[in-house]
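>>> Sequence and predicted model, in that order:
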Amino acid sequence: MSPPSPARDRPDVRVLTEIGIIAQLSATALERLLPAGLSAAQFGVLNHFARRGGEETPAHLADAFQVTRGAMTNTLARLEAQGLVAVRPDAGDGRRKQVSITAKGLDVREAALKATKPRLDAIRAAIPATEFEAALPFLSRLRAWLDDNR
């Protein structure tokens with residue numbers, strides 16, 4: 001009996017396999033391009049705050065990134081040590097903490113985005129914008145379903 005062919009897998013399996021491979025390849029490429037001392041996980045937190053603003057608890061961030069609270073605490077401690085986020089006690093509940101991005105964190109996020117620009121430009125040159133736009137509705141629906149059903 002010959003091994004199964006990936007081309008014969010169901011389309012949903014093939015899509016999720018492609019997404020997984022893309023995630024691995026893009027994470028590895030991102031790690032290589034980020035400024036020294038900034039991990040992909042740390043960039044993710046900075047990017048999250050730059051897009052959303054405000055403050056969030058470490059527990060909410062851990063849930064949003066689907067990592068353990070310990071892993072998020074570690075990431076936040078490294079970011080705080082670099083002055084990229086501020087962690088303060090919650091005014092309403094002293095047992096909780098609130099996290100926000102600092103001006104330096106925003107600057108480092110922008111530097112990281114600039115460092116990734118040549119790679120993103122190369123992707124855009126290889127794949128037409130219309131293909132990215134055509135993929136977005138499906139990817140958005142898939143992400144929303146996965147998020148709602150975790």
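Yep, it's here. Residues are numbered from 1 along each chain as shown.
>>> Surely residue 101 and residue 82 touch.
No: taking contacts as C-beta atoms under 8 Å, residue 101 lies outside contact range of residue 82: 11.8 Å. Backbone N, C-alpha and C define where each C-beta goes, glycine included.
>>> of those two, who's got more company?
residue 101 (23 against 15; other C-beta atoms under 10 Å).
>>> contacting residues around the more buried one?
Applying C-beta atoms under 8 Å, 6 or more residues apart in numbering, one finds that residue 101 lies in contact with 46, 49-50, 84-86, 109.
>>> Make a markdown table out of the residues you listed and add secondary structure, distance to residue 28 and pLDDT.
As requested, the contacts of residue 101 are arranged in a markdown table below (DSSP: H, G, I helix; E, B strand; the rest coil; distance: C-beta to C-beta, whole Å; pLDDT from 0 to 100):
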| residue | secondary structure | distance to residue 28 | pLDDT |
| --- | --- | --- | --- |
| 46 | helix | 19 | 98 |
| 49 | helix | 24 | 97 |
| 50 | helix | 22 | 96 |
| 84 | coil | 22 | 98 |
| 85 | strand | 25 | 98 |
| 86 | strand | 30 | 98 |
| 109 | helix | 20 | 97 |
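>>> Now rank the residues you listed by neighbours and give me the top one.
Of all these, the highest neighbour tally under other C-beta under 10 Å goes to residue 84, namely 25 neighbours.
>>> Need the nearest residue in space to that one, chain neighbours excluded.
Spatial nearest neighbour of residue 84, chain neighbours left out: residue 105 (3.7 Å); criterion: C-beta to C-beta, 6 or more residues apart in numbering.
>>> Quick check: that neighbour touching residue 53?
No: using C-beta under 8 Å, residue 105 makes no contact with residue 53, being 11.9 Å away.
>>> Report the rounded mean pLDDT for stretch 57-68.
The predicted model assigns stretch 57-68 a mean pLDDT of 96.
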